[in-house]
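K.L.:
Task: produce atomic coordinates for the following.
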Amino acid sequence: MYFGYYAVWGSRGLLELGGVDAKLTVQKQRLAEIKDQRQRLQHRISLLEPGSVDPDMVEELARGQLQDGGPNQVAVPRDAR
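P.N.:
Modelled structure (predicted):
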């Protein structure tokens, strides 16, 4: 009876299975978001590797750091993605 009770109502019993599944779903979604963010960052890094530097990426980084532009241009800071 002791083991049967904890198999159903215990902290790792059948009644807790729904809560664990919900937590697992949330964590899987979070992992997918983190992987997507990592992939985007990895792509930006690959654009700056020696031998294959993307001039547009260099210009974007320079303008972002310097907040500078040409005549009649306005630099608008934006959130880092």
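
K.L.:
in the protein, which ranges drop under the pLDDT threshold?
P.N.:
Confidence mapping of the chain against pLDDT under 70 gives the ranges 67-70, 75, 80-81.

K.L.:
Please enumerate the strands of it.
P.N.:
In the chain, no strands are defined using DSSP state E.

K.L.:
In it, spot the helix with the most residues.
P.N.:
helix 17-46 (DSSP state H).

K.L.:
What residues of it count as buried?
P.N.:
Buried residues in helix 17-46, counted by 16 or more other Cβ atoms under 10 Å: none are found. (Glycine included, C-beta is placed from N, CA and C.)

K.L.:
Use 768 as the first number for this chain going forward.
P.N.:
Yep, numbering from 768; the last one is helix 784-813 now.

K.L.:
Check the offset of that helix from the chain's centre.
P.N.:
Computed by Cα atoms, centre = their mean, to the nearest Å, the chain-centroid distance of helix 784-813 equals 7 Å.

K.L.:
Stretch 819-831 now?
P.N.:
On Cα atoms, centre = their mean, the centre of stretch 819-831 falls 22 Å from the chain's centre.

K.L.:
And for stretch 825-832?
P.N.:
22 Å.

K.L.:
Can you give me the buried ones in that stretch?
P.N.:
Applying 16+ other Cβ under 10 Å to stretch 825-832 flags no residue as buried.
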